[in-house]
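Colleague: any chance you could fold what I've pasted below:
(one chain, ligands or ions: 1)
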Amino acid sequence: MEETRRKLVWVESENFQGWACNACAWAFNPLGPPVGQSLSEMMIHYERLRDSEFASHVCAEHPRGSKNLR
Ligand SMILES: [Zn+2]
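Modeller: Below you'll find the model as predicted:
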């Protein structure tokens, strides 16, 4: 199961807009305001945070199918 090709995908639904995993229910929720001196710094910071959180999440811990989006 470790070999599953998971991908970061942009998701838009009624109650969520943002980056999520296509293989499980994980979604990226940035905490706090964007960090950076400029818009491009904020973007870089955001993308780094997103990528590292995505890389470190475990799909098995975010099973799909449960309707508890918490
Ligand atoms: Zn996942």
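
Colleague: which regions of the chain sit below the pLDDT cut-off?
Modeller: The model of the chain has pLDDT under 70 over residues 1-4, 66-70.

Colleague: try 80 this time
Modeller: Scanning the chain for pLDDT under 80 picks out the ranges 1-4, 31-32, 34, 65-70.

Colleague: up against the ion, what does it have?
Modeller: With CB under 5 Å from the ion as the criterion, the chain meets the ion at residues 6, 21, 23-24, 26, 59. Placement of C-beta: from N, CA and C, glycine included.

Colleague: tell me the one of those nearest N15?
Modeller: Checking the residues of the chain next to the ion against N15 with CB to CB, the nearest one is W26 at 15.8 Å.

Colleague: need the contact list for the closest residue in space to the closest one that isn't next to it in sequence.
Modeller: Closest residue to W26 apart from its sequence neighbours, by CB to CB, 6 or more residues apart in numbering: H62 at 4.2 Å. When contacts are counted by CB atoms under 8 Å, 6 or more residues apart in numbering, H62 touches 21, 24-26.

Colleague: count of neighbours near W19?
Modeller: 19 (other CB atoms under 10 Å).

Colleague: just to revisit the earlier point, who wins for most neighbours among the residues of the chain next to the ion?
Modeller: The most neighbours of any of the residues of the chain next to the ion, using other CB under 10 Å, belong to W26, which has 21 neighbours.

Colleague: with secondary structure and distance to L39 as extra columns, can I get the contacts of H62 in JSON lines?
Modeller: Conversion of the contacts of H62 to JSON lines gives the following (DSSP: H, G, I helix; E, B strand; the rest coil; distance: CB to CB, whole Å):
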{"residue": "C21", "secondary structure": "strand", "distance to L39": "26"}
{"residue": "C24", "secondary structure": "coil", "distance to L39": "31"}
{"residue": "A25", "secondary structure": "coil", "distance to L39": "30"}
{"residue": "W26", "secondary structure": "coil", "distance to L39": "26"}
